[in-house]
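Engineer: Everything below, folded, please.
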Amino acid sequence: MRTERKLSIVIPVYNEEGALRPLYDALIRGMDNCAGLGIGDFEIWFVSDGSTDGSEAIIRTLIRDDSRVKLIAFRSNFGKATALQAGFRRVEGDIIVTMDADLQDDPSEIRDMVEKLDEGFDMVSGWKVNRQDPLEKRLPSKLFNGVTAALSGVKLHDFNCGFKAYRKEVVDGIDVYGELHRYIPVLASRKGFRIAEIPVTNHKREFGKSKYGAERYLRGLFDSLTTSFLLRYYDRPMHFFGKIGLFLLIAGIVICGALTAEWFMGHSIGGRPLLILGILCVILGVQSISTGFIGDLIVDATFKNRSDESSIREIVVSERAPAEGEGA
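Structural biologist: Sure, this is the predicted structure:
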């Protein structure tokens, strides 16, 4: 007999007042669709990332009607990664599902993700095969996904899809900041978790407008380099800086050694640019190796320990007892 599990849904929200009520209704239907999967209870965490419209008021209404709905409200707009991290640190479920608030994801497919997890995977990522977005968004996204897959070695088609499911140990084992919400599969892979991908429906946006502009691709490029570095050298920075430093140091020693031999032979070397190059290589080589040593000493990076507590204005949960049968 399958053990009863709790499922947590984390939804970042930024000015999506028109979509929230239909989204809640669709989530309830989606959870009804999960009958037989051993889901005994569920909770919905809306994370308002500094919303300035009526989104929070609608969520508070949902909380009054349903104790399973909860709200985290940020003081300002800190980004999707910070919103997800705040939700991850407060969920109680054994399985965590993330999705966007714009109704482009279909809650009825939560069942498919849970079933895929039950095949032995730790994380399931959605793949928007038929993406309902303009061409100017689809093409850069396809390029981004291809570059990320090549750099990270994680063979997924769609890193950008926010519709994902995780086991609790996955979200407990990763830290998300900056723009790294797009690289959660890479971060999870680094920890040794098993990752799967399934096709998901992508509906056309009916409410609100996209919150991302062209500048996100530039930020995504930088974060791709950051993630690739973290994937390979997070806990061994000397392997990166040491290789560079050793190459420069050896090159500098060889150059300076050759010039010293010439000096002993009576040749003037004081005005030769090669002498400056040799000395520069030695200095940079020593500096790079020293950086590797320092990196090893502070391998627990600053962002890893950064708390989101100061960003949160309030957390709202229902204090009433759930109605009979509500948690089923």
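
Engineer: Quick one: neighbours of Gly266, just the number.
Structural biologist: Counted with other C-beta atoms under 10 Å, the neighbours of Gly266 add up to 6. C-beta: built from backbone N, CA, C; applies to glycine.

Engineer: likewise the one 4 residues further on?
Structural biologist: Residues lying near Gly270 (other C-beta under 10 Å) number 7.

Engineer: Show me where the stretch 51-200 of the chain has its strands.
Structural biologist: Along the stretch 51-200 of the chain, counting by DSSP state E, counting those that start in this stretch, strands occupy 69-74, 95-98, 123-128, 164-167, 195-200.

Engineer: what packs against the first one?
Structural biologist: With contacts defined as 3 or more C-beta pairs under 8 Å, 6 or more residues apart in numbering; DSSP states H and E, the packing partners of strand 69-74 are strand 39-48, helix 55-65, helix 80-88, strand 312-317.

Engineer: What residues of the longest one count as buried?
Structural biologist: By neighbour count, and taking 16 or more other C-beta atoms under 10 Å as the criterion, the buried residues in helix 55-65 are Ser55, Glu56, Ile58, Ile59, Arg60, Leu62, Ile63.

Engineer: Tell me which two in these are the farthest apart.
Structural biologist: For the buried residues of helix 55-65, the farthest-apart pair by C-beta to C-beta is Ser55 and Ile63; their separation is 12.8 Å.

Engineer: Can you add distance to Pro237 and mean pLDDT and give the helices and strands packed on strand 69-74 back as a markdown table?
Structural biologist: As requested, the helices and strands packed on strand 69-74 are exported to a markdown table (distance: least, C-beta to C-beta, whole Å; pLDDT from 0 to 100):
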| stretch | distance to Pro237 | mean pLDDT |
| --- | --- | --- |
| strand 39-48 | 32 | 95 |
| helix 55-65 | 41 | 96 |
| helix 80-88 | 23 | 93 |
| strand 312-317 | 32 | 77 |
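
Engineer: can I get those in TSV with distance to Asn15?
Structural biologist: As requested, the helices and strands packed on strand 69-74 are exported to TSV (distance: least, C-beta to C-beta, whole Å):
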stretch	distance to Asn15
strand 39-48	9
helix 55-65	6
helix 80-88	13
strand 312-317	16
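
Engineer: For the protein, which helix extends over the most residues?
Structural biologist: helix 238-264 (DSSP state H).

Engineer: I'd like the next helix or strand past that helix.
Structural biologist: Following helix 238-264 in sequence order, the next helix or strand is helix 273-297 (DSSP states H and E).

Engineer: on that earlier part again, can I get the strands of the stretch 51-200 of the chain in TSV including distance to Gly18 and mean pLDDT?
Structural biologist: Conversion of those to TSV gives the following (distance: least, C-beta to C-beta, whole Å; pLDDT from 0 to 100):
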stretch	distance to Gly18	mean pLDDT
strand 69-74	18	96
strand 95-98	21	97
strand 123-128	21	94
strand 164-167	24	96
strand 195-200	22	95
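
Engineer: got any ranges where the stretch 101-250 of the chain has weak pLDDT?
Structural biologist: For the stretch 101-250 of the chain, the stretches with pLDDT under 70 are 132-137, 207-228, 230-232, 234-235.

Engineer: could you pull out the helices for it?
Structural biologist: If DSSP state H, counting those that start in this stretch is used as the criterion, the helices of the stretch 101-250 of the chain fall at 110-117, 135-152, 168-173, 184-190, 215-233, 238-264.

Engineer: and the angle from the longest helix of the chain to helix 273-297?
Structural biologist: Counting by axes from the mean of the first three to the mean of the last three C-alpha atoms, to 10 degrees, helix 238-264 points 150 degrees away from the direction of helix 273-297.

Engineer: Would you convert the buried residues of helix 55-65 into a markdown table that also reports distance to Leu117?
Structural biologist: Output for the buried residues of helix 55-65, formatted as a markdown table (distance: C-beta to C-beta, whole Å):
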| residue | distance to Leu117 |
| --- | --- |
| Ser55 | 30 |
| Glu56 | 31 |
| Ile58 | 30 |
| Ile59 | 27 |
| Arg60 | 32 |
| Leu62 | 27 |
| Ile63 | 28 |
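
Engineer: so what's Arg68 scoring on pLDDT?
Structural biologist: The predicted structure scores Arg68 at 96 on the pLDDT scale.

Engineer: Let me know which of the strands of the stretch 51-200 of the chain is the nearest to Gly30.
Structural biologist: Between Gly30 and these, the tightest spacing by C-beta to C-beta is seen for strand 95-98, at 9.3 Å.

Engineer: which strands and helices sit next to the closest one?
Structural biologist: Here strand 95-98 touches strand 5-13, helix 80-88, helix 110-117, strand 164-167, helix 168-173, going by 3+ C-beta pairs under 8 Å, 6+ apart.

Engineer: Give the residue farthest from the middle of this protein.
Structural biologist: In the chain, Gly266 marks the outermost C-alpha relative to the chain mean, sitting 61.8 Å out by C-alpha atoms, centre = their mean.

Engineer: distance of that one from Leu151?
Structural biologist: From Gly266 over to Leu151 the distance is 52 Å, taken as C-beta to C-beta, to the nearest Å.

Engineer: Okay, buried residues for stretch 22-38 please.
Structural biologist: Along stretch 22-38, these residues count as buried under the neighbour rule (16+ other C-beta under 10 Å): Leu23, Tyr24, Ala26, Leu27, Gly30, Met31, Cys34, Leu37, Gly38.
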